[in-house]
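Novice: Predicted model follows, preceded by the sequence.
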Amino acid sequence: MKLSEAEEVLMNYLWEMKTAFMRDLLNAYPEPKPAPTTVATLLKRIIEKGFIGYKEYGNSREYHPLVSKEDYFSTHVNGLIKNFFNNSVAQFASFFTTQTSLSEKELETLRGIIDTEIQKKKK
């Protein structure tokens, strides 16, 4: 299941905070802040999708992520590779390196990451 853009923004705040009450999440937004009802609606939808849990303290709820940021984005990157790049990591890598404005330094860093992973797999 995928989150909408607005839901991802809210999840990013919660991933960063680890746990938060509604006021904490509202305070995380830059000005102009969304209405509390908007954030409440987003929370309700994200809870229904199974990404957020909460503990109740009287009338307050303390929210926490049920899915890690890494797991969420890993699932979606893998889906992107499957759906848009014929399940080919090579096609994805080719697109990523040619269609984005990566500098030579960024490409070198990327190569270093890949070389390190290759060495780990050889062990």
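Specialist: Yep, it's here.

Novice: okay, now residue 42: neighbour count?
Specialist: Neighbour count of residue 42, defined by other C-beta atoms under 10 Å: 21. C-betas here are computed from N, CA, C, even on glycine.

Novice: List the residues that contact the nearest residue to it once chain neighbours are set aside.
Specialist: Residue nearest to residue 42 in three dimensions, not counting chain neighbours: residue 10, with 5.0 Å by C-beta to C-beta, 6 or more residues apart in numbering. By C-beta atoms under 8 Å, 6 or more residues apart in numbering, the residues touching residue 10 are 25, 39, 42-43, 46.

Novice: secondary structure element for residue 93?
Specialist: helix 89-99 (DSSP states H and E).

Novice: quick one: contacts of that helix?
Specialist: So helix 89-99 is contacted by 80-81, 84-85, 107, 110 (C-beta under 8 Å, 6+ apart).

Novice: Would you mind giving those as TSV with neighbour count, pLDDT and secondary structure added?
Specialist: As requested, these are arranged in TSV below (neighbours: other C-beta atoms under 10 Å; pLDDT from 0 to 100; DSSP: H, G, I helix; E, B strand; the rest coil):
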residue	neighbour count	pLDDT	secondary structure
80	12	76	helix
81	18	79	helix
84	12	79	helix
85	16	82	coil
107	12	86	helix
110	14	84	helix
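
Novice: can you redo the residues you listed as a markdown table with distance to residue 14?
Specialist: What follows is the contacts of helix 89-99, written out as a markdown table (distance: C-beta to C-beta, whole Å):
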| residue | distance to residue 14 |
| --- | --- |
| 80 | 23 |
| 81 | 26 |
| 84 | 28 |
| 85 | 30 |
| 107 | 33 |
| 110 | 29 |
